[in-house]
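Novice: Sequence first, predicted model second:
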Amino acid sequence: MGFWGLEVKPGKPQTHTTEEGRLYVTQATLGAGSSKEKSVLQCSIGAKNPIFLCSLLPNKTECCPLNLQFDDNDDEPVEFLVTGDRSIHLSGFLEPYELQDDDDED
Amino acid sequence: MGFWGLEVKPGKPQTHTTEEGRLYVTQATLGAGSSKEKSVLQCSIGAKNPIFLCSLLPNKTECCPLNLQFDDNDDEPVEFLVTGDRSIHLSGFLEPYELQDDDDED
Amino acid sequence: MGFWGLEVKPGKPQTHTTEEGRLYVTQATLGAGSSKEKSVLQCSIGAKNPIFLCSLLPNKTECCPLNLQFDDNDDEPVEFLVTGDRSIHLSGFLEPYELQDDDDED
Amino acid sequence: MGFWGLEVKPGKPQTHTTEEGRLYVTQATLGAGSSKEKSVLQCSIGAKNPIFLCSLLPNKTECCPLNLQFDDNDDEPVEFLVTGDRSIHLSGFLEPYELQDDDDED
Amino acid sequence: MGFWGLEVKPGKPQTHTTEEGRLYVTQATLGAGSSKEKSVLQCSIGAKNPIFLCSLLPNKTECCPLNLQFDDNDDEPVEFLVTGDRSIHLSGFLEPYELQDDDDED
């Protein structure tokens, strides 16, 4: 259950693979900057249209809880993308697959 | 636990069947557009009156967490409907039924 | 895990019995209308004083997540009441007791 | 899983013992009144400094989700305290210890 | 499942070790003070760049839910840091490792 964090900068998509374990993304927070433009976090898998995951508004709503889970049942890597001027910090935790096995064996 | 996403456009109801697995809908985010009108997500099953699931306000509250679960114990398909000018993006994850069986057999 | 929804109208308390299964109430959303008055959802069980569960403000905060669980360990039926001019839509899911038994027998 | 609710009035600390079962506090909502002052919910255990649990702003943010759990592993009773002019209503659910035993025995 | 709370003051990083048990951090609330500056909670582990966990805005959004879990699978201690003028109070609960063992043995 290690802490997991990722800063996604505008226009620089970040790909996450789920090789290490199941990923729980539980929070999104607006990054540093002075722009008043909203930042939108999007997620796309494969060739499907991107889905908006959250929309953060400077000086109004700068963070929001999420509840997303990704693991190796996702056929393709997950790509996170931010539109707007400011980055979005994602946080959550990562559960290694071995740990799940240990639990099952108990 | 594959990522699941769906964009529901105003006036275009989307039907979701639960054949593939149990669906967890965990987030709603306002789609692109310049309208200041609020968008309301509704859900209806069969002939029952629709229930409002969330209400998103442009430039004020553009996303909100949800915690909805749908599976094959729902007798009829679930219909998502959006009123207002802008679409609502839903996200969450899908747990295949076979995986649940695997868990039970351990 | 069937979808569950209930519209509670102002001044018309709704009683919920937990005979069918364990109820998870996970979201409250302000109903239709033009009143700017806030709507407050209250819950009372038996002769105890009502407890405020959420307070929704038109054009500011029109929905909020909840995490309430009710089952047959509640001695008396649950009564939901709304004060204000606009109704509150509740949503969540219902877990039949038989399913819980099935899970236990696995 | 009985419903649990508690109104904490300003300046009147409420002590909760965990003898009956594990307590899940999942929501805080501002009580009735006309004051525009914010109300802050605090929690203290033993001689430690109080911790702020939430801060509710009249006509802006009148409710917020919580996720707190208390049980008999807490060495001392939990004291909830509200500062400000208006009370805060807490809600959640209580899981009796016997039920947990029943679950374990299945 | 003892209650856990920590006040993180601006410019005074707090290190948390996970020796006692698994820590669930579930809420952040702005501390006392009159500054209108926002306070940002950051988390860093080892030499990695800090990740923003939430951003609290005085008189607008003074608290927010979190869902973070830390345990002894984290290789290095967790450091919480606050930027801004006002402290941030964290709350949640701590699950001792022995309790997890007890559960497994049942």
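Specialist: On my side now, so go ahead.
Novice: What segments of chain A are helices?
Specialist: Counting by DSSP state H, chain A has these helices, from start to end: A:97-105.
Novice: In it, which residue sits nearest chain B?
Specialist: For chain A, the residue positioned closest to chain B under CB to the nearest CB is A:Ile51, at a distance of 3.1 Å. Every residue, glycine included, has its C-beta placed from N, CA and C.
Novice: If we ignore the residues flanking it in sequence, what's nearest that residue?
Specialist: B:Gly5 (3.1 Å; CB to CB, 6 or more residues apart in numbering or on different chains).
Novice: That neighbour touches A:Gly46, doesn't it?
Specialist: No: contact status for B:Gly5 versus A:Gly46: not in contact, 11.6 Å apart, counting by CB atoms under 8 Å.
Novice: more neighbours, the two?
Specialist: Neighbours per residue (other CB atoms under 10 Å in any protein chain shown) separate B:Gly5 from A:Gly46, with B:Gly5 holding more: 23 against 10.
Novice: wait, what's in contact with that one?
Specialist: Residues near B:Gly5 by CB atoms under 8 Å, 6 or more residues apart in numbering or on different chains: A:Cys43, A:Lys48, A:Ile51, B:His89, B:Leu90, B:Ser91, B:Gly92.
Novice: What subset of the residues you listed is buried?
Specialist: The neighbour-count criterion (16 or more other CB atoms under 10 Å in any protein chain shown) marks A:Cys43, A:Ile51, B:His89, B:Leu90, B:Ser91, B:Gly92 among the contacts of B:Gly5 as buried.
Novice: ok, what's across the strand from the fourth one?
Specialist: Here B:Leu90 sits in beta bridges with B:Leu6, B:Ala28, going by DSSP bridges.
Novice: B:Phe80 is in contact with that one, correct?
Specialist: Yes: the pair B:Leu90 / B:Phe80 is scored as a contact, 7.0 Å apart, by CB under 8 Å.
Novice: hey, what's in contact with both of the two?
Specialist: Here B:Leu90 and B:Phe80 have B:Leu6, B:Val8, B:Leu41 as joint contacts, going by CB under 8 Å, 6+ apart.
Novice: Quick check: the last one vs A:Lys38, distance?
Specialist: Distance, B:Leu41 to A:Lys38, using CB to CB, to the nearest Å: 20 Å.
Novice: quick one: which of those two has more around it?
Specialist: Regarding B:Leu41 and A:Lys38, a neighbour count based on other CB under 10 Å identifies B:Leu41 as having more, with 27 against 20.
Novice: who touches the residue nearest to the more buried one when sequence neighbours are not counted in this structure?
Specialist: Excluding its sequence neighbours, the residue lying closest to B:Leu41 (CB to CB, 6+ apart) is B:Leu53, at 4.5 Å. Residues in contact with B:Leu53, defined by CB under 8 Å, 6+ apart, are B:Ala28, B:Leu41, B:Gln42, B:Cys43, B:Leu66, B:Leu68, C:Gln27, C:Thr29, C:Cys63, C:His89, C:Ser91.
Novice: What of A:Ile88?
Specialist: For A:Ile88, the contacting residues are A:Glu7, A:Val8, A:Ala28, A:Thr29, A:Leu30, A:Gly31, A:Ser39, A:Leu41, A:Cys54, A:Leu56, A:Val82, taking CB under 8 Å, 6+ apart as the criterion.
Novice: Inside strands: which ones of the residues you listed?
Specialist: Of the contacts of A:Ile88, the ones assigned to strands by DSSP state E are A:Glu7, A:Val8, A:Ala28, A:Thr29, A:Leu30, A:Ser39, A:Leu41, A:Cys54, A:Leu56, A:Val82.
Novice: For the last one, report the pLDDT, please.
Specialist: So that's A:Val82. Among the per-residue scores, A:Val82 shows a pLDDT of 98.
Novice: measure it to B:Thr17 for me?
Specialist: Between A:Val82 and B:Thr17 the distance is 32 Å, computed by CB to CB.
Novice: What of A:Glu20?
Specialist: The spacing between A:Glu20 and B:Thr17, counted by CB to CB, is 33 Å.
Novice: got any ranges where chain A has weak pLDDT?
Specialist: A:1, A:47, A:73-75, A:99-106 (pLDDT under 70).
Novice: Show me which residues of it sit near chain B.
Specialist: Remark: the part of chain A in contact with chain B comprises A:22, A:38, A:40, A:43, A:45, A:48-49, A:51-55, A:57, A:60-61, A:64-71, A:73-75, A:78, A:104, using CB under 8 Å from any CB of the partner chain.
Novice: are any of those buried, and which?
Specialist: The neighbour count (16+ other CB under 10 Å) marks A:22, A:38, A:40, A:43, A:45, A:51-55, A:57, A:61, A:64-71, A:73-74, A:78 as buried among the residues of chain A next to chain B.
Novice: Narrow those residues to those in strands?
Specialist: Mapping these onto strands (DSSP E) picks out A:22, A:40, A:43, A:45, A:51-55, A:64-70, A:78.
Novice: Distance-wise, check the residue in chain A that chain C sits nearest to relative to chain E.
Specialist: In chain A, the residue found nearest to chain C is A:Pro65; the distance is 8.3 Å by CB to the nearest CB. Taking CB to the nearest CB, to the nearest Å as the measure, A:Pro65 falls 5 Å from chain E.
Novice: Identify the bridge partners of that residue.
Specialist: Residues in a beta bridge with A:Pro65, per DSSP bridges, are A:Gln27.
Novice: ditto for A:Phe80
Specialist: According to DSSP bridges, the partner residues bridging A:Phe80 are A:Gln14, A:Cys43.
Novice: wait, doesn't A:Arg22 sit right on A:Phe93?
Specialist: No: in terms of CB under 8 Å, A:Arg22 does not count as a neighbour of A:Phe93; the distance is 9.4 Å.
Novice: who's in contact with A:Gly33?
Specialist: Under the criterion of CB under 8 Å, 6+ apart, the neighbours of A:Gly33 are A:Asp85, A:Arg86, A:Ser87.
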